[in-house]
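J.: Fold the following for me, if possible:
(chains A and B)
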Number of protein chains: 2
Amino acid sequence: VNEFELIDLFVRGAPRGGEGVVLGIGDDAAVLEPPPGEELVMTVDAVVEGVHFDRSFSPEEIGYKALAVNLSDLAAMGARPLWALCALATRRGERAERLAGVGRGLAACARVHRVALVGGNVTRASELSLTVTVVGAVRPGRALTRAGGQPGDQVLVSGTLGDAAAGRRKGAPRALVERQRRPRPRLALGRALAPLAHAGLDVSDGLLQDLGHLCAAAGLGATVRLEALPLSLAYRRLEGRRRRPLEAALAGGEDYELLVAVPPGRVRRARSLARKVGVRLTAVGELTPTPGLRVVDARGEEYRLRALGHDHLRAPRA
Amino acid sequence: VNEFELIDLFVRGAPRGGEGVVLGIGDDAAVLEPPPGEELVMTVDAVVEGVHFDRSFSPEEIGYKALAVNLSDLAAMGARPLWALCALATRRGERAERLAGVGRGLAACARVHRVALVGGNVTRASELSLTVTVVGAVRPGRALTRAGGQPGDQVLVSGTLGDAAAGRRKGAPRALVERQRRPRPRLALGRALAPLAHAGLDVSDGLLQDLGHLCAAAGLGATVRLEALPLSLAYRRLEGRRRRPLEAALAGGEDYELLVAVPPGRVRRARSLARKVGVRLTAVGELTPTPGLRVVDARGEEYRLRALGHDHLRAPRA
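T.: Numbers count the residues shown, from 1 in each chain, chains lettered A, B, ... in the order given. Take a look at the predicted model:
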């Protein structure tokens, strides 16, 4: 297939029109009408073969993940998604059927979250990668940022932690493997929490590293209670046998859960909103006036970490 | 350097604030206020080591080119640029100084064209690449698209053709080499011509291939006059010795000039506007009712082409 046939194959199943799409894929650029009276939220993220996925991923999982990790950033800002652009890089001689599968996965994620694919690009490279840009909308002044945490704020986390990291181990059960392959961007939760949280972000680099970003943005520290970490049953079963069973939950990366700082008086309301969108929200610690992260066990003793988090430049080949 | 130091190094010199930038680089996503009453124009494009640049490029040239080729797409739509996001992929162990140089080149192009760098991403990969997303603004309904050409429209081209392709030859003079390395997005020209042209796009894949896109979008054909092709002196000198001296101008790729279809009665006005922004505009042919491209020489005889254009998937290693 040539460049143009490939683009056609790739975008076939994706929603290409929708809110604000004046001119979609096929020209030099898309023409878009921003929703009146709203601000835009915009981010870019890439998934690369051998770093974010390997040959054990189905083509559909690759495409799905590429868009989902971006939508997680919109969720963390409290935005609703509108549009996506996808730059595909592919090896010479890659099978057209594999690329079509990647396109189908991206399209599936776009349909679930009502995102229009409005632009793209294709180029040759040494390995398969997808670089996705997403645009969302938020009411003016309502975007949830990393800054703004206050001492005493409760640190709440959605869903469960460490599943994606545990899912990378040999013989991991399917439920954990899925977490790494089909991240669930917490879009409804992000929109629900944005008005009442002081600060928030998504946990992509591991709880402690991302909590560190939130603290740094406010000039604060935090205490994390080990026994409060929300863990799935599958995680407990797999990691419970290891010498450091909580490492993956603290620093594993690719959770794509939301982490928010909420003043104590709003925690009940936050949890009730989370229940309404069907997501668990767990208090794992609180913000402290003194910079630095403290992780404490049930006896109040400090836990020493092996590694702080996930470095996308140093991540081991998956 | 780790991921975060690298991002810091990379974005250091770039404009990071400006029109509509509510929250720039550093959070999960940028927050942007679209210019009221305008439409947005948005596109993504990648440059990859070994495809769009090689080791003979300076780091600054790589970064400059990555942004410039994207701005060329905005120029082709008649948009003014606002914001850019850059996803950087880099080999393990790439020298920090090289990456900083790439960032300086990108920043230089951003400063020239007053673009704010509002987001980015960094990941490991097998080769260096930059995937840049740009957003511009245009008055509603005024974006210049590929569709809309009419039979009899004059086909006008900015600047000179084939220089970038000729610049890839061994021993090419610096003036030609530069054309491939520091493309000049025709932003002012695009905005001047958008209100009076029927259709337009930028010449990135070679004149004939891109003219083919413009014709296909209108269901028309075109005649191109060989003797009318605008050629630089350096091009004539280098290519004049070859057996097919016009091949690079017809099909070379990476010209990043504008190609517009203008009704005959507006050609004078178009050329006068082009002069005002300091760019040459040359009529190279016209649109015809019958689909298909005809290239004719000074005697009216048909010229047979070797290849139609540049395929970014099949492009020879630079």
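J.: Show me which residues of the longest helix seen in chain A are buried.
T.: Using DSSP state H, we find that the single longest helix of chain A is helix A:59-77. Across helix A:59-77, burial judged by 16 or more other Cβ atoms under 10 Å in any protein chain shown covers A:59-77. C-beta: built from backbone N, CA, C; applies to glycine.
J.: ok, now stretch A:233-252?
T.: Result for stretch A:233-252 [16+ other Cβ under 10 Å]: buried residues A:234-235, A:238-239, A:245-252.
J.: out of the residues you listed, what pair is the most spread apart?
T.: The most widely separated members of the buried residues of stretch A:233-252 are A:A234 and A:A251, with 18.7 Å between them, by Cβ to Cβ.
J.: so what's the residue of the stretch 151-300 of chain A found nearest chain B scoring on pLDDT?
T.: For the stretch 151-300 of chain A and chain B, the shortest gap (Cβ to the nearest Cβ) falls at A:L201, measuring 5.2 Å. Here, the pLDDT recorded for A:L201 equals 97.
J.: State the helix or strand in which it lies.
T.: Assigned by DSSP states H and E, A:L201 falls within strand A:199-203.
J.: ditto for A:Y235
T.: Using DSSP H and E, A:Y235 falls within helix A:233-239.
J.: Mind exporting the C-alpha coordinates of that helix to CSV?
T.: Provided in CSV are the C-alpha atoms of helix A:233-239 (Å, rounded to 0.1, in the frame of the first residue of the first chain):
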residue,chain,number,x,y,z
LEU,A,233,-7.7,-8.8,44.1
ALA,A,234,-5.7,-9.9,41.1
TYR,A,235,-2.9,-7.6,42.2
ARG,A,236,-2.9,-8.9,45.7
ARG,A,237,-2.7,-12.5,44.5
LEU,A,238,0.1,-11.9,42.1
GLU,A,239,2.2,-9.4,44.0
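J.: rewinding a little: any buried residues in the strand holding A:L201, and which?
T.: Within strand A:199-203, the residues scored as buried using 16+ other Cβ under 10 Å are A:199-203.
J.: pretty sure A:G50 contacts A:E127?
T.: Yes: counting by Cβ atoms under 8 Å, A:G50 touches A:E127, with 6.0 Å between them.
J.: Pull up the overlap in contacts between those two.
T.: Counting by Cβ atoms under 8 Å, 6 or more residues apart in numbering or on different chains, the common neighbours of A:G50 and A:E127 are B:S126.
J.: Phi, psi for A:G24 please.
T.: phi -90, psi -150 (degrees, to the nearest 10).
J.: Next: A:L187.
T.: Dihedral angles for A:L187 - degrees, to the nearest 10 - are phi -70, psi -50.
J.: Now for it: which residues touch it?
T.: A:71, A:74-75, A:80-81, A:113.
J.: same check, this time on A:R146
T.: Per Cβ under 8 Å, 6+ apart, neighbours of A:R146: A:199-201, A:213-214, A:217, B:26-28.
J.: Adding distance to B:R174, write these out as a markdown table.
T.: Formatted as a markdown table, these follow (distance: Cβ to Cβ, whole Å):
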| residue | distance to B:R174 |
| --- | --- |
| A:A199 | 52 |
| A:G200 | 52 |
| A:L201 | 47 |
| A:H213 | 45 |
| A:L214 | 50 |
| A:A217 | 47 |
| B:G26 | 39 |
| B:D27 | 42 |
| B:D28 | 43 |
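J.: Name the helix or strand for A:W83, please.
T.: Per DSSP H and E: strand A:80-90 holds A:W83.
J.: Can you see whether that strand contacts chain B, counting any residue in it?
T.: Yes: Strand A:80-90 reaches chain B (Cβ under 8 Å from any Cβ of the partner chain) through A:83, A:85-87, A:89-90.
J.: buried set for stretch A:113-129?
T.: A:113, A:115-129.
J.: Closest one of the residues you listed to chain B?
T.: Using Cβ to the nearest Cβ, the buried residues of stretch A:113-129 come closest to chain B at A:S126, 3.9 Å.
J.: tell me the two of the contacts of A:R146 that are most distant?
T.: Farthest pair in these, by Cβ to Cβ: A:G200 and B:G26, 14.5 Å.
J.: Okay, strands next: where are they in chain A?
T.: A:21-23, A:30-32, A:39-48, A:80-90, A:116-124, A:129-138, A:154-158, A:199-203, A:221-225, A:257-262, A:281-288, A:292-296 (DSSP state E).
J.: tell me the contacts of A:Y64?
T.: A:105-106, A:108-109, A:181-182.
J.: so which of those would you say is closest to A:E302?
T.: After measuring the contacts of A:Y64 against A:E302 - Cβ to Cβ - the closest member comes out as A:R181, at 34.8 Å.
J.: contacting residues around that closest one?
T.: Here A:R181 is in contact with A:53, A:57, A:61, A:64-65, A:167 (Cβ under 8 Å, 6+ apart).
J.: on that earlier part again, roughly how far out does the helix holding A:Y235 sit from the chain middle?
T.: Remark: helix A:233-239 is offset 22 Å from the chain centroid, using Cα atoms, centre = their mean, to the nearest Å.
J.: and if you look at stretch A:220-232?
T.: Between the centre of stretch A:220-232 and the centre of its chain there are 19 Å (Cα atoms, centre = their mean).
J.: got it, and stretch A:172-180?
T.: Counting by Cα atoms, centre = their mean, stretch A:172-180 comes out at 16 Å from the chain centroid.
J.: Sort out which residues of it are buried, please.
T.: Counting neighbours by 16+ other Cβ under 10 Å, stretch A:172-180 gives A:172-173, A:176-180 as buried.
J.: Serialize the contacts of A:R181 to JSON lines and add fields for pLDDT.
T.: Listed next are the contacts of A:R181 as JSON lines, based on pLDDT from 0 to 100:
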{"residue": "A:F53", "pLDDT": "94"}
{"residue": "A:F57", "pLDDT": "95"}
{"residue": "A:E61", "pLDDT": "97"}
{"residue": "A:Y64", "pLDDT": "97"}
{"residue": "A:K65", "pLDDT": "97"}
{"residue": "A:G167", "pLDDT": "94"}
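J.: Out of these, flag the one nearest to chain B.
T.: Closest approach between the contacts of A:R181 and chain B, by Cβ to the nearest Cβ: A:F53, at 11.9 Å.
J.: Please give me every residue in contact with that closest one.
T.: For A:F53, the contact set (Cβ under 8 Å, 6+ apart) comprises A:47, A:61-62, A:65, A:181, A:318.
J.: Give me the residues contacting stretch A:31-41.
T.: A:19-23, A:74, A:77, A:79, A:82-83, A:118, A:135-143, B:22, B:29-34, B:39-42, B:77, B:138, B:140, B:143, B:145.
J.: got the buried residues for that stretch?
T.: So, applying 16+ other Cβ under 10 Å, buried residues of stretch A:31-41: A:31-32, A:34-35, A:38-41.
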